[in-house]
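Visitor: pasting the sequence and the predicted coordinates here, then a few questions.
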Amino acid sequence: VVTGGSGSGEKEGEETRSGGAAGEDDDGDPTAPRVYQRYCHVYKEGELETLFEHIKSWVRVNRVYFDCGNWCVEAERIA
């Protein structure tokens, strides 16, 4: 399943401590929970079908649907 989502605008995999921005000092508190920020793309209607059109010789799109504020694709490798 391929999905996007609304994100914080941070780059995937950036790590912060709770309440801080990426790269901000966490005062060395080892008990502070780690917060992982990520950026997710929100697809427009029809955008995923267009992306999968380029690989249709080896991937079949079984289902396209809207869920939780974003478009999703269920695809299957055929070659």
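Guide: Looks like it arrived, so ask away. Computed from a predicted model, the values in this text were never measured in an experiment. Residues are numbered from 1 along each chain as shown.

Visitor: remind me what the strand or helix carrying residue 71 packs against, helices and strands.
Guide: Taking DSSP states H and E as the definition, one finds residue 71 inside strand 70-77. Using 3 or more C-beta pairs under 8 Å, 6 or more residues apart in numbering; DSSP states H and E as the contact criterion, the secondary-structure elements in contact with strand 70-77 are helix 47-53, strand 59-67. Heads up, the C-betas are built off the backbone N, CA and C, glycines and all.

Visitor: tabulate the ones you listed (TSV), appending mean pLDDT.
Guide: As requested, the helices and strands packed on strand 70-77 are arranged in TSV below (pLDDT from 0 to 100):
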stretch	mean pLDDT
helix 47-53	94
strand 59-67	95
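
Visitor: out of those, nearest to residue 29?
Guide: Closest approach to residue 29 among the helices and strands packed on strand 70-77 is made by strand 59-67 (37.5 Å; C-beta to C-beta).

Visitor: then the closest one to CSV, C-alphas only?
Guide: In CSV, the C-alpha atoms belonging to strand 59-67 read as follows (Å, rounded to 0.1, in the frame of the first residue of the first chain):
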residue,chain,number,x,y,z
VAL,A,59,3.1,-3.8,-11.5
ARG,A,60,-0.7,-4.1,-11.5
VAL,A,61,-2.8,-1.6,-9.6
ASN,A,62,-5.5,-3.6,-7.8
ARG,A,63,-7.2,-0.8,-5.9
VAL,A,64,-7.1,3.0,-5.6
TYR,A,65,-9.0,4.6,-2.7
PHE,A,66,-9.2,7.7,-0.5
ASP,A,67,-8.5,7.0,3.2
